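1. prediction below, plus the sequence it came from.
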Amino acid sequence: MSRILIIEDEEAIADLERDYLELSGFEVVVEGDGARGLSRALSEPFDMYILDIMLPGKDGFEICKEIRAVKNSPILMVSARKEDIDKVRGLGLGADDYITKPFSPSEMVARVKAHLKRYERLIGQSPMQEKPVRNEVLEARDLRLDLESHRVWRGGEEIELTQKEFELLAFLLEHPNQVFSKEELFQRIWKMDAMGGAGTVAVHINRIREKIELSATKPQYVQTVWGMGYRFKL
Ligand code: CA
């Protein structure tokens, strides 16, 4: 059973969220104080977080940032103010979704289910597993990769990738949010000694970005982590 942490100081909203999620079979923990909520988020296992923004103790922006620094589980931000949602987006805090109050509880539940399903599918392929199972299709936002046919779509439009571009993108997407150095990627994809391979990786990353990103200079999927390497941002 998936366990969800709600950090929300308005009791009526917290109760509504809890009731609907419990009815859908989730285990729900509610905290009304930001600081206490964050400390539970960091010390206990949760599969997903639902964060209000204006909170006593610590605001939802800070909580989101601190959770995302150590956890990959989906984060849904809830706010009455559209400006706050814009701010969450602008700051790149790592939230997976946003919903404005007042919201339809069944829509909130539908979004929670969708995020958990996607996340579970992705961690199902984590290298920690002894025998990773390759799902046939990987999805992230409007990007879709079919591992069997090696085909890629963005928002329904097919994108042509070369063999190595596909393997590199699929590898990053199979390990979302993990950072890999150019040398490591070269070793894994080209299976050769990593010496001198960094340039090849950089060239391929640039080509992938030109093909899949809306803006190659502000990539939303394959991001550069300065001084460390690349990651697929989920
Ligand atoms: Ca509040």
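-> Perfect, thanks for sending it.

2. mind giving me the packing neighbours of the helix or strand of the chain with the lowest mean pLDDT?
-> In the chain, no helix or strand scores lower on mean pLDDT, DSSP states H and E than helix 82-91, which sits at a mean of 80. Judged by 3 or more C-beta pairs under 8 Å, 6 or more residues apart in numbering; DSSP states H and E, the packing partners of helix 82-91 are helix 60-70, strand 75-79, strand 97-100. Just so you know, the C-beta spots here come from the backbone N, C-alpha and C atoms, and that holds for glycine as well.

3. dump those to JSON lines, plus mean pLDDT, mean neighbour count and distance to Arg141.
-> Output for the helices and strands packed on helix 82-91, formatted as JSON lines (pLDDT from 0 to 100; neighbours: other C-beta atoms under 10 Å; distance: least, C-beta to C-beta, whole Å):
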{"stretch": "helix 60-70", "mean pLDDT": "92", "mean neighbour count": "19", "distance to Arg141": "16"}
{"stretch": "strand 75-79", "mean pLDDT": "94", "mean neighbour count": "23", "distance to Arg141": "15"}
{"stretch": "strand 97-100", "mean pLDDT": "90", "mean neighbour count": "16", "distance to Arg141": "10"}
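
4. so Ile4 is in which element?
-> strand 3-7 (DSSP states H and E).

5. again, but for Leu16
-> helix 11-23.

6. and that helix, what's buried?
-> Neighbour counts over helix 11-23 (16 or more other C-beta atoms under 10 Å) mark Ile13, Ala14, Leu16, Glu17, Arg18, Tyr20, Leu21 as buried.

7. ok, whichever helix or strand comes after that helix: who's next to it in the sheet?
-> The C-terminal neighbour of helix 11-23 among helices and strands, as given by DSSP H and E, is strand 27-31. Using DSSP bridges, the strands paired with strand 27-31 in its sheet are strand 3-7 (parallel).

8. can you list the helices and strands packed on helix 82-91 in a markdown table and add distance to Lys113?
-> Formatted as a markdown table, the helices and strands packed on helix 82-91 follow (distance: least, C-beta to C-beta, whole Å):
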| stretch | distance to Lys113 |
| --- | --- |
| helix 60-70 | 20 |
| strand 75-79 | 11 |
| strand 97-100 | 12 |
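
9. name the helix or strand for Thr224, please.
-> Judged by DSSP H and E, Thr224 forms part of strand 222-225.

10. much appreciated, bye for now.
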